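Trainee: Got a predicted model here, sequence first, then my questions.
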Amino acid sequence: MKIKNRKDLDKVKDDGMKSLFPKSPQISISMSTCGLALGADHLFQKLTEEKEKTGVKIALRQTGCSGFCNLEPILIVRLPGKPGLLYTNVTVKKTLKILHDIQQKKITTEGLLCTINSPASIDTPDIGLNDVPDYNQAYPFKHQHRILLKNCGIIDPLSVPEYVAMEGYSALYKALCQMRPEDVIKEVVESGLRGRGGAWFPTGFKWDMASKSSGDEKFVICNADEGDPGAYKDRTIMEGNPFKLFEGIVLAGYAIGSHHGIIYLREEYHHTFEFLNTAIEFAKQYGLLGKNILGSEFNFSLNIVRGGGSYVCGEETALMDSLEGEVGDPRLRPPFPIEKGLWARPTIVNNVETLSNVPLIIQNGGKWFANIGTEKAKGTKILSVVGNVKHPGLYEVPLGTNLKQVIFEMAGGPFNGKSIKAVQVGSPFGTFIPADKLDVTLDPESLKKMGSMIGSGVIVVLDQDTCIVDILHHLLTFFVEESCGKCVPCREGVSRMEELMIEIYNGRATINDLNLLNELGETARDFSLCALGGGAPAPILNGIKDFKKDFEAHIKTGKCLLPSK
Amino acid sequence: MITFTIDDKKVSAEEGATVFEVAREAGIEIPHLCYHKDMEPYGGCRLCMVEITENGFTRLHPSCAFPVKKNIIVKTDTERLRKGRKIIAELLLARCPNVDSVINLAESLGVKEARFKKMDSDCVLCGQCVRVCRNVAKVGAIDFINRGKKRYVGTPFDLPSDECIGCGSCHYVCPTGSMNMEYENVLRWRNLPGTLRKCRYMRMGFIPHKLCPNNFQCWNCELDQRMEDLAKTHPIFILKHSRSEEKETIGHFEIRLDRFYHEGHVWVKRINGLMRLGIDDFTRQILGTVSDMRLPFIDTVLEPGDTLFEISGNERTLLMYAPLGGKIININPDILDNPSLVNMAPYERGWILTVEPLDIPRASRELLSGRSAKEWLKLESHKFHEFIKKETGTDLPLDKPIPKDFAKTVSKDTWKKIHKIFFIRKKKKNNVKLFRIEDIH
Amino acid sequence: MEKEKIEKIVNKHRNEKSAILAILHEVQAEDNQLNTESLRYIAQLLDVPYANVYGLVTFYSAFSTDKKGKTLVRACDGISCHISGAEEVVEALKSKLNIEIGQTTWDEAFGLEKVRCLGLCSISPNVSFNDKTYSNLNKEKILEILQKVMGDSK
């Protein structure tokens, strides 16, 4: 049914509440890319077989990725009159036990991580669940400020009613019925939202300029290329709560006067591509995309384009060239995309995380958003903490949170009692921060002051058994492989840096070569055409400075400082 | 005129000029490699980078591509720039150690040796050959292959090209002298029988019809020599300026010359044996906006003069008629989501239907194209302006598009008349039923 | 691929040059490679130079002019997988399949590639076999999985 007015929206909300608080038992299994990679499809199949065999009255549903893929497969049980129950690392055996217990009207406690008390909490406290924390007090979700990832892993990502029950689409409804495009832009400007893809450009300012560009046809491009190794936050949003992203894209279109949006999706995300296409169909059925959205006069169409496997196509001008059917060579700027972008029309390119913030801003107001974060960087940031930590995953925290707190308190610090050697913030262009300098707040300004950057929020923790020279070389091979080859400083310069790094690693270089690396790095940094060549030298040059001993060891002996290597 | 400074020298230039060109005129030579005066800037060699201070912020920009702005401060020869250019020259020298032009460039920047492992390439990947083949000769026989350090210029599968026309432009623009057109291509043209041997000027669209009687020995050819003498340059660059653009404006109405037109103002474009249809700019400007449509179902069989589709906007409707006969194969799904697309890009993504024609030669004969289309549109434009003046007394400007709300401002009667005079081309019986977009889905 | 099939795919994408990535994906998905004839015909239908289409195929990692191998094994080499032991997983694959990165087995059953990144960074190392991904791998696990896949495909 197409939602055409407030009444329809309220009805869909009711349907969603009935779905989240069902009258008969319901089991949901997390079936995103990560769940599937850890056997969730096998679990689902076994549950279906068991259900048919025993004839038990239980609905089998799906949910999305929560960001903590090492807790997968995740299973949520919804029993009438009880809060949702979230189980982690379930196996076939455990799942069948849960099913069995449900039939016996018992609650399984093995593997039960927490209860889910949203959108509304169940008043009567339950016996047997007193020791079980609520989602927001349970590890690893506590300490976080999960406003973007609120629904991921909790609701059925393909269910519009469930999203509406969680306050979804109230922002778009408000904007289309009560606000003019200028008002939407005003809220976004007031919020202080900045691009979360790595550039941190003020979003409201970009939209304002685009709305003022002349031209009948304008485009909204959602950059879902997520090429930074270590980053998967965009995938989690797309597979956990795609309608939130769509809502943000339509709001962007309404704000700048565009009627067409394109999601440029990374080629490697096969499952996500099929999934998003299904989500778009559902959105159309409910009148949330296409003609007369939510019963208004506004039309907006959205389609998904798969990339071809190229990191540089995450750069906005290369992305536009790729959409036009060309190779992804970045363009010269000026002219800027907001004047002459896709097919020379005014275009805005925004990251998935940036656009997902917009419904929250419109719903709660720009001022509300500006209360979170630091003076210059507002809102939350989804940090992807990976590497040698006990609990890798997506941690959503207010900007300005201390890095040490994130690594030790939230992610549990390194495992096996090891110590940290370095932490790369803002991979792949971020510098490797030595262990004694980790006391820094995570926001663009503070990190820039120490020569680093926050980028898209990837934090890679390296323990004492890592060879820095090897890691820096690995990073360089990435840049060399992904360089488009258009400009000399990147194509020639960065690849020569990689050659030098191999020589250093194998003890075939001299101290002078470190100076040569510096010269090459500075030239590439200043003279490259785009941010790939421009950003590649930073971690290398800083690494040489901060880990001089490691380099000297390799140069003099050809061997690592580490005994094991 | 825009005034600014380069190296503390006051200069002024027209809007749209680049810093590089202005510097050159002022006698300041900035090192460069991939720049060519007759082509769009590429910005790949990064030798022409200069320091530009704008509003207090200093940044490096490629001067070949930076448009002049008021009061900017440009420095072309700072320490930072010199250091960077030296490294770039060193990198190029390491790539092409045996190419004279690279050796000379490096020497002019003070670089004699490269401290890197030497390759043995003769190509600096400046991209000029690719651009001239694709954008000027409009052939595209060569292109960049691979990416990053594995990139090179070549032909598909490294086999001799079937598309190359032997014009020699790639060789002409190459800065290292390494781009050599395969002699086989010239031979291939020569070995064609005389009736098929086409002169390269004809192949490039400069002259309508000329079979080469000269065995492709262009240096012996009168026409070729005349080109060289007249323009004092390689023929390829005269062609660039004489090529007609594919879109034109007649008064304030845009017409695209790569398709046919029907007197009812529906355009027809042939795409691989099927005919794609849409509305022209004349229709679009008069209606003003498209907020809704009624369309036929797929598989409907049409005859010329049947009702084809109805577009509405600004409280008015226009029913348009089929310019040819055939079967409807496809309706543009984008406009079902977004009818305003028809108004925003009527010649491109706002196309409406695809038809499998019954009789292509007949359709082509009865439709207007090229010069006849232009003349027709000129008459229509004149007729329209006269009509509006008579009906409403308004003199619509001849050089500006029709105001967006025009359709709303004329009376319903006048609108009916406009519809009848300019758009209705029906046949006596029309059987085609039209449906709302919601029912098409 | 037969001309009619290619035509159908190109028409589905409205003969637009901008849809060329999607067209190449579809043709390659069925044929397992993009050969001269297919590329030539696609170029003709879209009215773009053949060399340009070939250039696109060689630029983007997802496309290949060689036969890809019925099961494409993609080992993730992102930074998270790299420090979690991706190297030993890759070595195990190389030695069991007896091919190098970028090659295909002699019977065209398997092809081996490195890719960055699959977006499963908290459960590294990761390897995908066509559309099925496996995570939290080590040398033993990957050999087990490879054995199963090889057995299944017989």
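Mentor: Here it is on my side, so go on.
Trainee: residues in contact with the residue in the stretch 101-250 of chain A positioned nearest to chain C?
Mentor: Nearest residue of the stretch 101-250 of chain A to chain C, counting by CB to the nearest CB: A:Pro229, 3.2 Å away. To be clear about C-beta, it is placed using only N, CA and C from the backbone, and glycine gets the same treatment. Contacts for A:Pro229 (CB atoms under 8 Å, 6 or more residues apart in numbering or on different chains) come out as A:427-428, A:458, A:478, C:78-80, C:116-117, C:121.
Trainee: A:Glu519 too?
Mentor: Here A:Glu519 is in contact with B:83, B:87 (CB under 8 Å, 6+ apart).
Trainee: any idea of the mean pLDDT for stretch A:446-464?
Mentor: What stretch A:446-464 shows for mean pLDDT is 94.
Trainee: near chain C, anything from that stretch?
Mentor: Yes. Legend: contact between stretch A:446-464 and chain C by CB under 8 Å from any CB of the partner chain is shown at A:460, A:462.
Trainee: Report the separation between the two terminal residues of that stretch.
Mentor: End-to-end distance for stretch A:446-464, by CA to CA, to the nearest Å: 26 Å.
Trainee: touching chain B at all, it?
Mentor: No. Stretch A:446-464 does not reach chain B (CB under 8 Å from any CB); its nearest approach is 15.5 Å.
Trainee: Okay, the residue nearest to the spatial centre of chain A and A:Asp436: tell me how far apart.
Mentor: Centroid-nearest residue in chain A, with CA atoms, centre = their mean: A:Lys233, separated by 1.8 Å. Between A:Lys233 and A:Asp436 the computed distance is 28 Å (CB to CB, to the nearest Å).
Trainee: so where do the helices sit in the stretch 101-250 of chain A?
Mentor: A:160-165, A:170-178, A:181-191, A:203-212, A:233-240, A:242-256 (DSSP state H, counting those that start in this stretch).
Trainee: Then chain C?
Mentor: Taking DSSP state H as the criterion, chain C carries its helices at C:3-12, C:20-31, C:36-46, C:50-59, C:79-83, C:86-97, C:139-152.
Trainee: can you list contacts of the shortest one?
Mentor: Just to be clear, that refers to helix C:79-83. A:229-230, A:386-388, A:392, A:424, A:427-428, A:460, A:462, A:466, A:471, A:474-475, A:478, C:75, C:117, C:121-122, C:124-126.
Trainee: Quick check: residues of chain C near chain B?
Mentor: C:7, C:11, C:14-16, C:36, C:39, C:45, C:48-55, C:58-59, C:65.
Trainee: Quick one: buried ones out of those residues?
Mentor: C:7, C:11, C:14-15, C:39, C:45, C:48-55, C:58-59, C:65 (16 or more other CB atoms under 10 Å in any protein chain shown).
Trainee: What is the burial count for the nearest residue to C:Val149 once chain neighbours are set aside?
Mentor: Leaving aside its sequence neighbours, C:Val149 sits nearest to C:Phe129 (CB to CB, 6 or more residues apart in numbering or on different chains; 5.5 Å). Other residues within reach of C:Phe129, judged by other CB atoms under 10 Å in any protein chain shown, total 18.
Trainee: re the thing from before, would you show me how to pick out the buried ones of the contacts of helix C:79-83 in ChimeraX?
Mentor: Buried subset of these, written as a ChimeraX selection, criterion 16+ other CB under 10 Å:
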select /A:229,230,386,387,388,392,424,427,428,460,462,466,471,474,475,478 /C:75,117,121,122,124,125,126
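Trainee: and the contacts of helix C:79-83, which of them are in strands?
Mentor: A:386-387, A:424, A:460, A:462, C:75 (DSSP state E).
Trainee: what would those residues look like in CSV with distance to A:Lys57?
Mentor: Shown next, in CSV, are the ones in strands among the contacts of helix C:79-83 (distance: CB to CB, whole Å):
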residue, distance to A:Lys57
A:Val386, 42
A:Gly387, 45
A:Gln424, 51
A:Val460, 47
A:Leu462, 51
C:Ala75, 44
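Trainee: What residues does the most far-flung residue of chain C relative to its centre make contact with?
Mentor: Most distant from the centre of chain C: C:Asp47, at 27.0 Å, with distances by CA atoms, centre = their mean. C:Asp47 sits next to C:Lys17 when contact means CB under 8 Å, 6+ apart.
Trainee: now the one 5 residues further on
Mentor: Contacts for C:Asn52 were tallied using CB under 8 Å, 6+ apart; they are B:134, B:140, B:143, C:43.
Trainee: nearest spatial neighbour of the second one, skipping sequence neighbours?
Mentor: This means B:Gly140. Nearest to B:Gly140 is C:Pro49, by CB to CB, 6+ apart, at 2.6 Å.
Trainee: What values do phi and psi take at the one you found?
Mentor: phi -60, psi 140 (degrees, to the nearest 10).
Trainee: And for C:Asn98?
Mentor: phi 60, psi 40.
Trainee: taking the mean pLDDT, what do you get for stretch A:321-336?
Mentor: 94.
Trainee: From the chain's centroid, how far away is it?
Mentor: 24 Å (CA atoms, centre = their mean, to the nearest Å).
Trainee: Quote the end-to-end distance of that stretch.
Mentor: 13 Å.
Trainee: hmm, it touching chain B?
Mentor: Yes. Shown here: stretch A:321-336 in contact with chain B (CB under 8 Å from any CB) through A:327, A:332, A:334.
Trainee: which residues does the residue in the stretch 251-400 of chain A positioned nearest to chain B contact?
Mentor: Per CB to the nearest CB, the residue of the stretch 251-400 of chain A with the smallest distance to chain B is A:Ser301, at 3.6 Å. For A:Ser301, the contact set (CB under 8 Å, 6+ apart) comprises A:259-261, A:289-290, B:334, B:337-338.
Trainee: Then B:Ile424?
Mentor: For B:Ile424, the residues meeting the contact criterion (CB under 8 Å, 6+ apart) are B:264, B:319, B:321.
Trainee: Among those residues, which lie within helices?
Mentor: Using DSSP H, none of those sit in helices.
Trainee: Let's have those in TSV, adding neighbour count.
Mentor: Listed next are these as TSV, based on neighbours: other CB atoms under 10 Å in any protein chain shown:
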residue	neighbour count
B:Gly264	22
B:Leu319	18
B:Tyr321	23
